[in-house]
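1. return a 3D structure for these sequence lines:
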Amino acid sequence: MNIALNRILTATTIEGVWEVLLLKLQSLGFQNALYGFTRFHTESGFGDTTDHLVLTNLGPDYVKGYFYDGRYKHGPLVTWAAQNAGVCSWAYVDEVYDTLDDKARETVEFNRSFGVTNGYTIGFNNATTRSKGAIGLSMSPFVGTQEQADTIWNKYGQEIRMLCEISHLKIISLPFDLRRLTTRQREVLEWVGDGKTSADVAQIMGLTTATVEKHLKLARDALDVETTAQAILKASLLNQFYRL
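-> Have a look, this model is predicted:
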């Protein structure tokens with residue numbers, strides 16, 4: 001445990017954190033995991049899918065059907081995690097199934113078709129109302145039972161939760177390359193964020209003002225926003241500034 005935590009704390013990329021976390025979870029009995037995080041959650045939904053960080057080893061067909069086709073929005077465990085912080089056994093799905101609407105039931109049946117049915121979900125505490133993060137831990141598809149998942153949790157649950165919580169905090173401190181900026185685009189946004197005008201930035205970087213404006217426009221396009229102020233805020237939320 002201490003070795004895994006040290007590797008997570010010293011990791012410099014999201015991929016590095018995920019690799020250590022997944023290997024440790026597998027050694028404890030949960031073979032699959034799906035982590036999701038967004039800083040753009042509102043009362044009307046989770047925002048643009050492009051702005052979500054999703055990490056999983058469940059395979060491309062599952063990811064397409066569950067995430068990119070939008071089923072996750074109706075998943076009962078996602079709904080639970082959006083409203084709660086803590087731990088939820090997947091037995092919860094059977095308990096509430098009769099109360100679910102058609103879209104939620106379809107999501108449950110989609111998960112069952114992939115054998116993603118037994119496990120636990122951890123909803124993370126968030127510092128802002130627009131930040132939402134959770135991780136689902138599951139047995140191998142079509143292998144094991146919820147009772148076996150419960151046995152693993154009863155034995156290792158405290159350790160697993162601490163491991164996931166620390167991994168989550170580490171992940172959200174690292175750069176998200178969800179909307180890629182070039183080095184130039186990032187640099188001009190950093191200078192404008194520091195209060196410099198386009199003319200100031202041009203002089204600092206040895207560029208023309210027109211070139212600076214071009215980089216700002218391309219940065220706005222890459223971040224899918226309308227104003228430079230919005231671009232600065234979004235790049236900051238994605239931890240894009242002052243990268244090593």
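2. got phi/psi on residue 12?
-> Per-residue torsions, residue 12: phi -110, psi 0 (degrees, to the nearest 10).
3. what's the local residue count around it?
-> Residues contacting residue 12 under the criterion other CB atoms under 10 Å number 10. For the C-beta atoms, the positions are set from N, CA and C on the backbone; glycine is no exception.
4. can you check the pLDDT for it?
-> Looking at residue 12, its pLDDT reads 92.
5. can you check residue 127 too?
-> Confidence score, pLDDT, at residue 127: 77.
6. which residue is nearest the middle of the chain?
-> Centroid check for the chain by CA atoms, centre = their mean gives residue 37 as the closest residue, at 2.7 Å.
7. how about that residue, secondary structure?
-> The three-state label given to residue 37 by DSSP: H, G, I helix; E, B strand; the rest coil is strand.
8. that one touches residue 135, doesn't it?
-> No: in this structure residue 37 lies outside contact range of residue 135 using CB atoms under 8 Å: 9.1 Å.
9. find residues that contact each of these two.
-> Counting by CB atoms under 8 Å, 6 or more residues apart in numbering, the contacts common to residue 37 and residue 135 are residue 168.
10. A helix includes residue 143, no?
-> No: using three-state DSSP, the secondary structure at residue 143 is coil, not a helix.
11. what's the closest non-adjacent residue to residue 242?
-> residue 190 (6.6 Å; CB to CB, 6 or more residues apart in numbering).
12. so where's this protein uncertain?
-> Low-confidence segments of the chain (pLDDT under 70): 178, 243-244.
13. grab the longest helix from this structure for me.
-> In the chain, assigned by DSSP state H, the helix with the most residues is helix 146-171.
14. tell me which other helices or strands it touches.
-> With contacts taken as 3 or more CB pairs under 8 Å, 6 or more residues apart in numbering; DSSP states H and E, helix 146-171 sits against helix 2-10, helix 14-28, strand 32-38, strand 86-89, strand 119-123, strand 132-138.
15. looking at these, which is closest to residue 216?
-> strand 32-38 (25.2 Å; CB to CB).
16. that closest one: how far from the chain's middle?
-> 6 Å (CA atoms, centre = their mean, to the nearest Å).
17. same question for stretch 26-40.
-> Centre-to-centre, stretch 26-40 and its host chain are 9 Å apart (CA atoms, centre = their mean).
18. how about it: buried residues?
-> 28-40 (16 or more other CB atoms under 10 Å).
19. same deal with stretch 75-88?
-> Judged by neighbour count using 16+ other CB under 10 Å, the buried positions of stretch 75-88 are 75, 76, 77, 78, 79, 80, 81, 88.
20. and the fourth one, how far from residue 67?
-> Read it as residue 78. Distance from residue 78 to residue 67, counting by CB to CB, to the nearest Å: 10 Å.
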